[in-house]
Structure formats: C-alpha cells, structure tokens
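Undergrad: sharing a sequence plus its predicted fold:
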Amino acid sequence: MRGRVQMMLLTATALPLLVALAEIGLESGTMLPENATALVGAGVLSVIVFPAVAVGLAHSGAQPLVQTPGRDGSN
C-alpha cells in the first residue's frame with residue numbers, strides 16, 4: 001500500500017497542464033489573473049511537496065497505512 005501512495009504522490013504533479021490551462025483561460029477571458037496565479041501556485045507547491053513526501057515515506061520506518069491480515073487470518 002505504501003508503494004501505491006508513493007507512486008500516487010510522484011505522478012500527481014501536473015504543472016505543465018496547469019500552466020497551459022491558466023494560459024488558455026487568461027487568453028479567452030474566462031479566468032481571472034488571480035485565479036490563474038493561484039492555480040499555477042498550487043501546481044508549484046505540488047511539484048515541491050508531493051515528491052518530498054513520497055521520498056520521506058520510502059525512507060521512513062513508519063508502519064504501513066493499512067494492515068492486511070496474514071494467510072491464516074491473523075493480523
């Protein structure tokens with residue numbers, strides 16, 4: 001399960017898509033500059049934070065997020 005969370009965090013960064021959407025919204029007049037800035041800013045934060053969290057999960061000795069039962073039904 002931890003591996004899936006790490007993969008999700010590493011692939012969740014979509015900054016180029018957010019920049020393109022903000023540019024299209026600004027050019028068409030359907031997006032305010034403040035909203036475009038917030039959208040791109042959130043994308044920048046995701047590029048910085050998500051991979052750092054994924055690496056932290058890989059190096060931590062933390063317990064798995066979900067405990068799965070063993071073959072004999074015990075935890």
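TA: Everything's here; your move. Residues are numbered from 1 along each chain as shown.

Undergrad: what mean pLDDT does stretch 32-50 get?
TA: Here the mean pLDDT over stretch 32-50 is 92, rounded to a whole number.

Undergrad: buried ones in that stretch?
TA: Buried residues in stretch 32-50, counting neighbours by 16 or more other Cβ atoms under 10 Å, are found at 36, 39-40, 43, 46, 50. In this view, the C-beta of every residue, glycine as well, is placed from N, C-alpha and C.

Undergrad: can you redo those residues as JSON lines with secondary structure and distance to residue 7?
TA: Conversion of the buried residues of stretch 32-50 to JSON lines gives the following (DSSP: H, G, I helix; E, B strand; the rest coil; distance: Cβ to Cβ, whole Å):
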{"residue": "36", "secondary structure": "helix", "distance to residue 7": "29"}
{"residue": "39", "secondary structure": "helix", "distance to residue 7": "24"}
{"residue": "40", "secondary structure": "helix", "distance to residue 7": "24"}
{"residue": "43", "secondary structure": "helix", "distance to residue 7": "19"}
{"residue": "46", "secondary structure": "helix", "distance to residue 7": "15"}
{"residue": "50", "secondary structure": "helix", "distance to residue 7": "11"}
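
Undergrad: for the residues you listed, which one is nearest residue 8?
TA: Distance ranking of the buried residues of stretch 32-50 against residue 8, using Cβ to Cβ, places residue 50 first at 8.5 Å.

Undergrad: quick check: that closest one touching residue 15?
TA: No - using Cβ atoms under 8 Å as the test, residue 50 is too far from residue 15 to be in contact (10.8 Å).

Undergrad: closest to residue 19 among the buried residues of stretch 32-50?
TA: residue 40 (5.8 Å).

Undergrad: distance of that closest one from residue 28?
TA: Relative to residue 28, residue 40 is positioned 16 Å away (criterion: Cβ to Cβ, to the nearest Å).

Undergrad: same check on residue 50?
TA: Using Cβ to Cβ, residue 50 is found at 29 Å from residue 28.
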